[in-house]
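Colleague: predicted coordinates and the sequence they were generated for:
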Amino acid sequence: MTHLSTDVLVVGAGGAGMYAAIAAAREGSSVLLLDKNLIGRGGATIMAQMTVAAAIGHEEPDDWVLHLEDTLEAGRGICNEPLSAMVCQRGPERILEMDRWGTRWAREDGHIKQVGAPGHRRKRCCYVDFLSTGPAVAGTLRRQVSGMANVRRLSNIAVIEICVAAGHVRGAVALDLSTGSLLTIAARTVILAAGGLTKIFRRNSASANMGGEAYWLALEAGAELVDMEFVQFFPIAHLAPRLVGMDPIMWDPFRYKLGGKLLNGNFQEFIHRYGGQDEGRYTAARDLASYAILKEVEAGRGSPHGGVYLDFRHVPDDSLREAFGPVIDRLLKNGIDLTRVPIEVAPTAHYHMGGIAVNDRMETRVAGLFAAGEAVGGANGANRLSGNAITEALVFGERAGFFAAKAAMDTDVDWSPAYVQRARAEFSELRQHKEKGLGPAALQNSIQDLMWENAGPFRSGKNLERALPALHGFHDQLQDLAIAHGDIFNLDLQDWYELKAMLRSSEAVVMGALNRAESRGAHQRLDFPQTIAEFERNQLLSLEDGTMTSRWTSVVRSGMPST
Amino acid sequence: MSAPDSTRVMHLRVWRGSTRVEGFYQTYEVPFEEGMSVLDALRWIRARRDSSLAIRYSCINANACRTCMALVDGVVEYTCTARLNESCTTVEPLPTRPVIRDLVTDTAPADEKQR
Ligand SMILES: Cc1cc2nc3c(=O)[nH]c(=O)nc-3n(C[C@H](O)[C@H](O)[C@H](O)COP(=O)(O)OP(=O)(O)OC[C@H]3O[C@@H](n4cnc5c(N)ncnc54)[C@H](O)[C@@H]3O)c2cc1C
Ligand code: FES
């Protein structure tokens, strides 16, 4: 079994992980940066097509305090305010640093161009043309991190357990996909930057690597998760006809710029019929669109694939081309002619507001265990503004890298083979599984269906209560799943651990949603449609003797500048 | 990915093996759904027929990660944007990279690997 040693171990190499590696290396630490996919390619960062929000004030006067106010308003009273403030205050530094590193932010008259987005009262959203923000951000950080001598990068290594002894992190165990063997790593500090969990839902905008592994690893290591019930569902994601080569959440700017009409299966407009519940704010509007769409489907007025139509047939071809030139051709290649046929859209799981609970040094309650990026919970409360997630990944990454490096200086390396006994025994057992029968990839599909039906955009106590035992039932099947034989690039091994992570993350979402008997932001309970003041609190989940346990805590306030 | 409901069946002829000389072709039947990509078909095979098939991909829809390349009917393509061919689609590993297994080739930069 290969053994490696490092000061700081970074798990996951998206925007947050790569920034964390850079920041820790800048403080003089040796860094090991691992990704279960290829470095910089596996997660959400490279898929982001839209914008990054930061109050750099290039387009018009702006202040990070205004950005914070907007963020807190969207978060509906339950943001961890110091974390939100960190994102808004430090976002500008990160955007400008990325600019110096060669991210080609779109410019106009020499300044970085910034556009508006719903919920942001100033034009503060930077982007890279055309729909290339994510690839540009990932590419810049990849280049930057490759140039750092004290960062070692390894691809196709999936971390499967964080080792903790005497209350302190000691390192990790990982699956090396290319050899089908375990790898152990001694580390003074560990940063979990393994991204979100939207893959647990049947309809999602996720990559293959977003099954909530950060949350699972954190829970098993003894850390707490916060507000796991808050999943952001994007209301009008692409549903049909099958569209390949494009981000399913691409329709928002189309609708925004060209006024696409939302029509039910009978080609009637319907949103206005649900208008009475709209508070007129962006966040409400997003929830409302999802609600209206799913209600139409439920009433039997959906489109053939179970969504609604988005119709641009009233928009002349030259206006379409003027607004979205090359994208129109990509659509035509997919057989989609917007001037002739309406497409079908439906809500889809898109981003996770909940996540690992950290303090203002990005440290969990387990000493030496840090978190960064979408894996962290709290900065966005009950709903996230568009553009805040990449900013969060960059800012939290930098902060986690900095603090983890500082903490590593005061920590001795302590490694014992005993720390990996459990993981090794489990792995040998896994290698004894039968070869034929139901495998982990197939069971993942069943979890996605279960979660979509019972813990999706609209929830009820009845459905959530049904989901819990079903998840436990899936858990009981883990030992009986078929695993292909062979070592090299045996995806069944990786899928099996991923499945464990999906089960734990799903359980956390369901339990969080069940306990929060109200509707707030992205968490909508059909049986408790009102927002209830007494729930203006955060819910913490942890594993106590292997059982998921919930407790409530008051919101951390005072995000405003203290000076 | 749920099972496509149509009964139309397509054929995929997929290269399997760990070395170029010992490779062989395995043919799978896949239920066809309009607009389906080659990657959709490969993922369906892994979930429903043969999970031992090794493939590399990440972003599935966005065509952003650029990790899913293979030879589709003799042409280098992203499997996530390549469409299935009516008769039978042949999928092989990239010709210019060392084979790791099946459709997975060694595309990681040299300094992102162990040793
Ligand atoms: C389609 C799409 C479009 C988006 N558009 C925008 C936008 O326009 N603006 C915006 O602000 N936000 C957007 N978001 C959200 C934003 O992209 C993410 O929140 C952000 O990029 C998360 O960064 P991250 O580094 O935390 O995680 P990721 O970029 O997801 O990286 C996590 C990495 O961890 C790896 N990993 C997972 N588990 C393990 C493990 N066990 N061991 C090792 N590695 C592991 C994964 O392979 C992955 O590479 C979008 C999201 C999606 C899905
Ligand atoms: S899967 Fe990402 S480009 Fe094909």
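Modeller: That came through fine. Ligands and ions are numbered 1, 2, ... in the order given.

Colleague: so which residue of chain B comes closest to ligand 1?
Modeller: For chain B and ligand 1, the shortest gap (C-beta to the nearest ligand atom) falls at B:Ala62, measuring 5.7 Å. Using the backbone N, CA and C atoms, a C-beta is placed for each residue, glycine as well.

Colleague: phi, psi of that residue?
Modeller: Phi and psi for B:Ala62, reported as degrees, to the nearest 10, are phi -80, psi -10.

Colleague: so who does it touch?
Modeller: By C-beta atoms under 8 Å, 6 or more residues apart in numbering or on different chains, B:Ala62 lies in contact with A:46-47, A:49, A:245-247.

Colleague: now the residues you listed in CSV, with distance to A:Val327 and secondary structure?
Modeller: Formatted as CSV, those follow (distance: C-beta to C-beta, whole Å; DSSP: H, G, I helix; E, B strand; the rest coil):
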residue, distance to A:Val327, secondary structure
A:Ile46, 18, helix
A:Met47, 16, helix
A:Gln49, 10, coil
A:Gly245, 11, coil
A:Met246, 8, coil
A:Asp247, 11, coil
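
Colleague: among the residues you listed, which are within reach of chain B?
Modeller: Contacts with chain B are made by A:46-47, A:49, A:245-247 out of the contacts of B:Ala62, judged by C-beta under 8 Å from any C-beta of the partner chain.

Colleague: now, among the residues you listed, which is nearest to A:Gly212?
Modeller: Using C-beta to C-beta, A:Met47 comes nearest to A:Gly212 of those, at 16.8 Å.

Colleague: how about the ones next to chain B among the contacts of B:Ala62 in TSV, adding neighbour count?
Modeller: Output for the ones next to chain B among the contacts of B:Ala62, formatted as TSV (neighbours: other C-beta atoms under 10 Å in any protein chain shown):
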residue	neighbour count
A:Ile46	28
A:Met47	27
A:Gln49	20
A:Gly245	18
A:Met246	21
A:Asp247	21
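
Colleague: ligand 1 contacts on chain B?
Modeller: Residues of chain B lying near ligand 1 by C-beta under 6 Å from any ligand atom: B:Ala62.

Colleague: around ligand 2, which positions in chain B sit nearby?
Modeller: B:57-60, B:63-68, B:78, B:80.

Colleague: can you rerun that using 8 Å?
Modeller: Counting by C-beta under 8 Å from any ligand atom, chain B comes close to ligand 2 at B:39, B:57-69, B:78-81.

Colleague: buried subset of these, written for PyMOL?
Modeller: Buried members of those, defined by 16 or more other C-beta atoms under 10 Å in any protein chain shown, are picked up in PyMOL with:
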select buried, chain B and resi 39+57+58+59+60+61+62+63+64+65+67+68+69+78+79+80+81
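
Colleague: over to A:Glu344: give its phi and psi.
Modeller: According to degrees, to the nearest 10, A:Glu344 has phi -110, psi 140.

Colleague: now the terminal residues of stretch A:539-549, how far apart.
Modeller: Chord length of stretch A:539-549, first to last residue, is 10 Å (C-alpha to C-alpha, to the nearest Å).

Colleague: name the residues of that stretch that are buried.
Modeller: A:539-543, A:548.

Colleague: with those residues in mind, which one is nearest to A:Ser155?
Modeller: Nearest to A:Ser155 among those, with distances taken as C-beta to C-beta, is A:Leu543, at 30.0 Å.

Colleague: quick check: closest non-adjacent residue to the closest one.
Modeller: Nearest residue to A:Leu543, sequence neighbours excluded (C-beta to C-beta, 6 or more residues apart in numbering or on different chains): A:Leu219, at 5.1 Å.

Colleague: which other helices and strands does the helix or strand that contains the one you found contact?
Modeller: For A:Leu219, the host element (DSSP states H and E) is helix A:213-221. Counting contacts by 3 or more C-beta pairs under 8 Å, 6 or more residues apart in numbering or on different chains; DSSP states H and E, helix A:213-221 packs against strand A:157-165, strand A:181-192, strand A:225-226, strand A:355-356, strand A:369-371, helix A:491-515, strand A:537-544.
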